[in-house]
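Chemist: what would the 3D arrangement of this be:
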Amino acid sequence: MHFPEFFDAAPRITVRDPLARFLGAAEDGVIDYTYGDAVRLAGHSCPTVAGAYLMTRAALRALYPEALPERGGIRVELRDEQLAGVTGVVANVASLVTGATHDTGFKGIGGHFDRRGLLFFGADIPGQIRFTRVDTGASVTVFARLDRVPSDPRIVSLLPRCLGGSATADEAALFRSLWQDRVRTLLVEHAEDPETIVVQR
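Modeler: The predicted structure is shown next:
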């Protein structure tokens, strides 16, 4: 599998998962997630996947400023309903990193490590997603302003040609390059931009 080179330049997210530690899946339960992991989950790379990844990263950094985030100990609430727009994609990426699930996750062992009942949709919140620490109740709301990283105007004409099968090989290659360049800009140049990935305490 060969991902675009900029995937390696995207920030990583490191968490500690008590379940992984308990079962010996990762030393001390420490797990590193990369943007490539989010792409493997989603099956594609786009601004939505990148935005979800960066929103999750920003929220966890705000909630755990001096410690590794605890995977399985974070409640995730999305403003939109489950089937609305790209909500499912965003939720899947957040779930990957936090372990939060609605009712299909791990049921736990002896009353511990239950990952269900931590993911919710249609929440009355001012931002796109709210992340809450189960242990302290501290929460932050985040949203991504993807309009601050506009797409190349050529994509508007290339997209329907590529979808319709009338694009030349060069046009298809150009479309893919332009599409991923927007993702690269978001992940590499705006990962730390508080005006693009907005965190509200």
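Chemist: helices along this structure, start to end?
Modeler: Using DSSP state H, the helices of the chain run over 18-23, 35-42, 47-63, 87-98, 155-164, 169-184.
Chemist: deepest of these, which one?
Modeler: Of the helices of the chain, the one with the most neighbours on average (mean count of other CB atoms under 10 Å) is helix 47-63, at a mean of 24. C-beta here means a position set from N, CA and C on the backbone, and glycine is covered the same way.
Chemist: which neighbouring elements make contact with it?
Modeler: Packed against helix 47-63, as judged by 3 or more CB pairs under 8 Å, 6 or more residues apart in numbering; DSSP states H and E, are the following elements: strand 13-16, helix 35-42, helix 87-98, strand 129-133, strand 139-144, helix 169-184, strand 197-200.
Chemist: looking at the residue nearest to the spatial centre of the chain now. What's its pLDDT?
Modeler: In the chain, the residue lying closest to the centroid (CA atoms, centre = their mean) is residue 53, at 2.5 Å. Looking at residue 53, its pLDDT is 98.
Chemist: how many residues are close by the residue nearest to residue 126 when sequence neighbours are not counted?
Modeler: Nearest residue to residue 126, sequence neighbours excluded (CB to CB, 6 or more residues apart in numbering): residue 141, at 5.9 Å. Number of residues near residue 141 (other CB atoms under 10 Å) recorded here: 22.
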